[in-house]
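Novice: mind looking at a prediction? Sequence and model below.
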Amino acid sequence: MIFFVTIVISIYTLVNYYIFTRGLQAIPQGSSLRPLYIVGFWLVAVSFVAARILERTYPCHFTEVLTWTGNFWLAFMLFFFLIALLLDVTRLLNHFFHFLPAAVYTDYLKTKQIILLAAIVFSSVNILAGYINARNPRVKELSLKIDKPGHGLKTLTIAMASDIHLGTIIRKAKARELVSMLNASKPDLILLAGDVVDEDLAPVIKDNIGEALCELRARIGVYAITGNHEYIGGAGPAVDYLEKHCIKMLRDTSVLVSGQFYLVGRDDRDKVRFTGKPRKELEEVMQDVDRSYPIILMDHQPFNLSKAADIGVDLQLSGHTHHGQIWPFNYITKAIYELSWGYKKIRNTHFYVSCGFGTWGPPVRLGNRPEVVIIHLTFNNE
């Protein structure tokens, strides 16, 4: 973890320095704006790291301001980096092919200032649009058939959400909106597929967000699994908190629900990175599961999908990817995961990977819309 954090902070610092130097080139020597830019830039850039440290040890209004500032800066940092990189590549190509008009270099400082202003406006418009998008989740509905008898169960309505990231950004009002959306379908079962909380519990406790979770209503019950963010903040306290607030946590366990179907919940695969102990293999988790019954599996990170199909799982629900959350990261998640977002069927197994309800880092989504998923299952009772 020390190595991982060191690498992340080093990359974060280098990217910010790259953006900083490009922006500084647009401010003339001797200008009174120059020291303001230097101090302001690094105060904003440091806010994200400072907020991560203070959020755990000293949650207060000042920490909330730092968190919002730092998280929005991540979005601006991404756009500024991409724009600066595109400009540098263009300059390099122009060095060899001379395709830019001479007017660009006639007053080069003015050109840089125009580009800087355009970059700020372009980034601001996109981030505002992404913020509005992130604040307006949709309901996605699926109808699926499981080719097994329901043992007296004809249909099953599941309301599912993942990657809620309750904390400083996703607060009690947003949690109540989630509860309302999940309850609206009058589900038989509510499933939360990991990353219910966002790293640190302190803001969740301070805002008493758990009170909203206790308003979830499902005929059979409310179940959840751990995600990597529960482990980042400490899985033990996070699990205890959620269980005290009306959610049944499944950690490498399987349960026969109402004598009609099995519900299997896996611990997050990042458990080994934070505890040194690996999670159980799927075969071990399901060793007492009767494969003739319908089997619903929750596994936060959608790796090794074929393994679930091979072992007889009928429906797997996952999240984690956010489908990149902000373009162009969706291309990266598509390259990493067999299924970055949406539905897929492998042999007799249905898979759904949600892009998530909340956000991590920037409260911004571009390229996908947050969602609650309602799944209507039918069974083969012939």
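Specialist: Received, thanks. Numbers count the residues shown, from 1 in each chain.
Novice: which stretches of the stretch 151-300 of the chain form strands?
Specialist: Assigned by DSSP state E, counting those that start in this stretch, the strands in the stretch 151-300 of the chain fall at 155-161, 189-192, 221-224, 248-249, 253-257, 261-265, 295-298.
Novice: cool, the stretch 1-150 of the chain as well?
Specialist: For the stretch 1-150 of the chain, the strands defined by DSSP E, counting those that start in this stretch occupy 138-146.
Novice: just how off-centre is stretch 331-339 within its chain?
Specialist: 14 Å (CA atoms, centre = their mean, to the nearest Å).
Novice: what is the burial count for residue 13?
Specialist: Residue 13 has 13 neighbours, counted by other CB atoms under 10 Å. The way it works is simple: take the backbone N, C-alpha and C, and place the C-beta from them, glycine included.
Novice: and the one 10 residues further on, by the same measure?
Specialist: Neighbour count of residue 23, defined by other CB under 10 Å: 18.
Novice: can you check residue 142 too?
Specialist: Neighbour count of residue 142, defined by other CB under 10 Å: 16.
Novice: and residue 69, what does it touch?
Specialist: For residue 69, the contacting residues are 44, 47-48, 51, by CB atoms under 8 Å, 6 or more residues apart in numbering.
Novice: circling back to that earlier point, wait, which of the strands of the stretch 151-300 of the chain is closest to residue 177?
Specialist: Residue 177 lies closest to strand 155-161 among the strands of the stretch 151-300 of the chain, at 11.0 Å (CB to CB).
Novice: one step back: could you export the contacts of residue 69 as JSON lines, including pLDDT and distance to residue 305?
Specialist: Below are those laid out as JSON lines (pLDDT from 0 to 100; distance: CB to CB, whole Å):
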{"residue": "44", "pLDDT": "97", "distance to residue 305": "41"}
{"residue": "47", "pLDDT": "95", "distance to residue 305": "39"}
{"residue": "48", "pLDDT": "93", "distance to residue 305": "34"}
{"residue": "51", "pLDDT": "91", "distance to residue 305": "36"}
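Novice: report the buried members of those residues.
Specialist: Buried by 16 or more other CB atoms under 10 Å: 44, 47-48, 51, out of those.
Novice: list phi and psi for the residue most central in space within the chain.
Specialist: Centroid-nearest residue in the chain, with CA atoms, centre = their mean: residue 322, separated by 4.5 Å. For residue 322, the backbone dihedrals are phi 60, psi 10 (criterion: degrees, to the nearest 10).
Novice: ok, now residue 352?
Specialist: Dihedral angles (degrees, to the nearest 10) for residue 352: phi -130, psi 130.
Novice: give me the pLDDT for it.
Specialist: Residue 352 carries a pLDDT value of 98.
Novice: count of neighbours near it?
Specialist: For residue 352, the neighbour count with other CB under 10 Å is 24.
Novice: what do you get for the one 10 residues further on?
Specialist: A count of neighbours around residue 362, defined by other CB under 10 Å, yields 25.
Novice: ok, now which ones touch residue 165?
Specialist: Per CB under 8 Å, 6+ apart, neighbours of residue 165: 195, 197-198, 229, 356, 358-360.
Novice: nearest to residue 175 among those residues?
Specialist: Among the contacts of residue 165, and counting by CB to CB, the member closest to residue 175 is residue 358, at 9.4 Å.
Novice: ok, the closest residue to the closest one other than its chain neighbours to residue 222 distance?
Specialist: Closest residue in space to residue 358, ignoring its immediate chain neighbours: residue 165 at 3.8 Å, by CB to CB, 6 or more residues apart in numbering. Separation of residue 165 from residue 222 (CB to CB, to the nearest Å): 18 Å.
Novice: I'd like the distance from the lowest-mean-pLDDT helix or strand in the chain to the chain centre, please.
Specialist: Every helix and strand in the chain was compared by mean pLDDT, DSSP states H and E; the lowest is helix 103-106, with a mean of 87. Centre-to-centre, helix 103-106 and its host chain are 44 Å apart (CA atoms, centre = their mean).
Novice: contacts for it, please.
Specialist: Looking at what lies outside helix 103-106 - CB under 8 Å, 6+ apart - the contacts are residue 111.
Novice: follow-up on the earlier one: so which of the contacts of residue 165 belong to helices?
Specialist: Judged by DSSP state H, these include residue 229 as members of helices.
Novice: and the contacts of residue 165, which is closest to residue 185?
Specialist: The closest of the contacts of residue 165, once distances to residue 185 are taken by CB to CB, is residue 356, at 18.3 Å.
Novice: and the pLDDT for the nearest residue to that closest one once chain neighbours are set aside?
Specialist: Closest residue to residue 356 apart from its sequence neighbours, by CB to CB, 6+ apart: residue 163 at 3.0 Å. Per-residue pLDDT puts residue 163 at 98.
Novice: out of the buried ones among the contacts of residue 69, what pair is the most spread apart?
Specialist: Maximum distance among these (CB to CB): 11.4 Å, for 44 and 51.
Novice: re earlier: so which of the contacts of residue 165 wins on neighbours?
Specialist: Highest count within those by other CB under 10 Å belongs to residue 195, 31 neighbours.
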